[in-house]
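Enquirer: Give me a 3D structure for the following:
(one chain, ligands or ions: 1)
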Amino acid sequence: MNRDTELARGGLPPLDRATIHPFVDATPGPFFYQRMAHPVGAEAERLIGELEGGHALLFASGSGATTALVLAMLKPGSTVAVAGGGYYGTVGLMRELSRWGFEIEEFDQTGEPPDADLVWFEPCSNPMLSFPDLDVAIGQAHASGAVVVVDNTVLSPVLLRPLEHGADFVLHSGTKILAGHHDALIGVVTCARAEDHARLHAFRTVSGIVAAPDPAWLMLRGMKTLALRVPRQSATALELARRLEGHGLGFRKLHLIAPGVDFDAATERQGRNLVKALLIERRG
Ligand SMILES: Cc1ncc(COP(=O)(O)O)c(C=O)c1O
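Expert: So this is what the prediction gives:
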């Protein structure tokens with residue numbers, strides 16, 4: 001089915017808040033205890049997994065998802081290279097976690113990533129809007145043996161599907177564009193491989209960094225309009241950029257880009273291919 005149709009027509013499941021579901025014939029079902037899984041979360045994971053082309057898991061927040069990913073996949077002595085100029089909370093969290101024996105290095109994601117066990121990209125970084133040459137950069141990271149995570153919070157799967165570019169994991173602060181109504185705190189990781197999904201799911205269950213049914217339901221509700229909101233936000237950002245450009249108020253646009261597209265090309269291609277973000281820098 002067409003992706004936009006699938007998003008818009010998806011029926012919302014009942015908001016089942018039960019923390020336990022009874023055993024059937026003395027056997028626990030998949031939802032027997034909410035910390036392991038719950039029906040609303042399972043539906044959200046199915047939908048996002050389909051959108052990203054992998055195996056999705058919900059977490060209590062984007063930062064919770066980062067915590068789980070780092071703790072589940074790395075060990076003391078591991079090195080992490082994280083895109084500089086991205087979400088400050090990610091670097092701050094990595095530095096906090098580094099007390100357990102990781103080494104953290106920030107790098108310029110528009111160039112070649114340094115050697116590391118895990119390389120963390122944030123295409124169209126928040127707030128600096130830097131953009132790696134994703135295929136090349138992921139290839140270079142893999143060639144040096146790294147696992148690759150792409151934080152896809154800003155672009156959303158409407159604009160970018162990082163697993164198709166070779167990423168091993170995609171992370172979202174679902175709090176932002178996926179849920180879309182600033183009323184739900186939630187995170188998502190989509191894994192390229194089923195075995196990583198199983199490992200991360202096991203870690204989530206023991207750590208309890210889980211998303212409750214309510215934010216999962218609110219995110220599903222928000223996703224019904226995802227395919228409409230993203231192009232509209234892009235068009236608004238583009239219009240704002242045009243007006244600021246002609247305004248002479250001393251502001252300068254830095255970037256308004258889509259994967260592989262610069263501002264001038266982007267202005268020729270309104271709609272889905274445009275990034276919804278706009279960064280303006282005060283002159284002088
Ligand atoms: C790009 C990016 N990644 C991760 C996060 C963290 O997500 P959360 O606030 O849901 O913990 C944020 C939050 O602003 C973000 O902008």
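Enquirer: where in this structure is pLDDT low?
Expert: Along the chain, segments meeting pLDDT under 70 span 241-242, 244-284.
Enquirer: what do you get if the cut-off is 50, keeping everything else the same?
Expert: 249-276, 281-284 (pLDDT under 50).
Enquirer: can you list the residues of it near the ligand?
Expert: Neighbours of the ligand within the chain, by C-beta under 6 Å from any ligand atom: 61-63, 87, 89-90, 122, 126, 151, 153-154, 173, 175, 185, 187. The C-beta positions use only the backbone N, C-alpha and C, and glycine is treated the same way.
Enquirer: Pull stretch 129-146 out as CSV, backbone CA atoms only.
Expert: Coordinates of each C-alpha in stretch 129-146 appear next as CSV, following Å, rounded to 0.1, in the frame of the first residue of the first chain:
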residue,chain,number,x,y,z
LEU,A,129,21.7,21.5,10.2
SER,A,130,24.9,19.9,8.9
PHE,A,131,24.4,17.0,6.6
PRO,A,132,26.7,14.1,5.9
ASP,A,133,27.2,12.5,2.5
LEU,A,134,25.3,9.5,4.1
ASP,A,135,26.2,6.7,1.7
VAL,A,136,29.9,7.6,1.7
ALA,A,137,30.1,8.3,5.4
ILE,A,138,28.3,5.1,6.4
GLY,A,139,30.5,3.1,4.0
GLN,A,140,33.6,4.6,5.6
ALA,A,141,32.4,3.9,9.1
HIS,A,142,31.6,0.3,8.3
ALA,A,143,34.9,-0.2,6.5
SER,A,144,36.6,0.7,9.8
GLY,A,145,34.4,-1.8,11.6
ALA,A,146,32.0,0.6,13.3
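Enquirer: So which bits of it are buried?
Expert: Judged by neighbour count using 16 or more other C-beta atoms under 10 Å, the buried positions of stretch 129-146 are 129, 130, 131, 132, 133, 134, 137, 138, 140, 141, 142, 146.
Enquirer: before we move on, what about stretch 5-23?
Expert: For stretch 5-23, by 16+ other C-beta under 10 Å, it's 7, 13, 21.
Enquirer: Make CSV out of the residues you listed and add secondary structure.
Expert: Shown next, in CSV, are the buried residues of stretch 5-23 (DSSP: H, G, I helix; E, B strand; the rest coil):
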residue, secondary structure
7, helix
13, coil
21, coil
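Enquirer: of all these, which comes closest to residue 163?
Expert: residue 7 (17.9 Å; C-beta to C-beta).
Enquirer: and the closest residue to the closest one other than its chain neighbours, how many residues sit next to it?
Expert: Leaving aside its chain neighbours, residue 7 sits nearest to residue 227 (5.0 Å; criterion: C-beta to C-beta, 6 or more residues apart in numbering). If you count neighbours by other C-beta atoms under 10 Å, residue 227 ends up with 20.
Enquirer: To which secondary structure element is residue 227 assigned?
Expert: helix 226-247 (DSSP states H and E).
Enquirer: Residue 77 and residue 202: what is the separation?
Expert: 22 Å (C-beta to C-beta, to the nearest Å).
Enquirer: When these two are compared, which one has more neighbours?
Expert: Using other C-beta under 10 Å, the more surrounded residue of residue 77 and residue 202 is residue 202, with 12 against 9.
Enquirer: The helix or strand that one falls within packs against which elements?
Expert: In the assignment (DSSP H and E), residue 202 maps to helix 194-207. If you count contacts as 3 or more C-beta pairs under 8 Å, 6 or more residues apart in numbering; DSSP states H and E, helix 194-207 packs onto strand 55-59, helix 62-73, strand 187-191.
Enquirer: May I see the buried residues of it?
Expert: 196, 197, 200, 201, 203, 204, 207.
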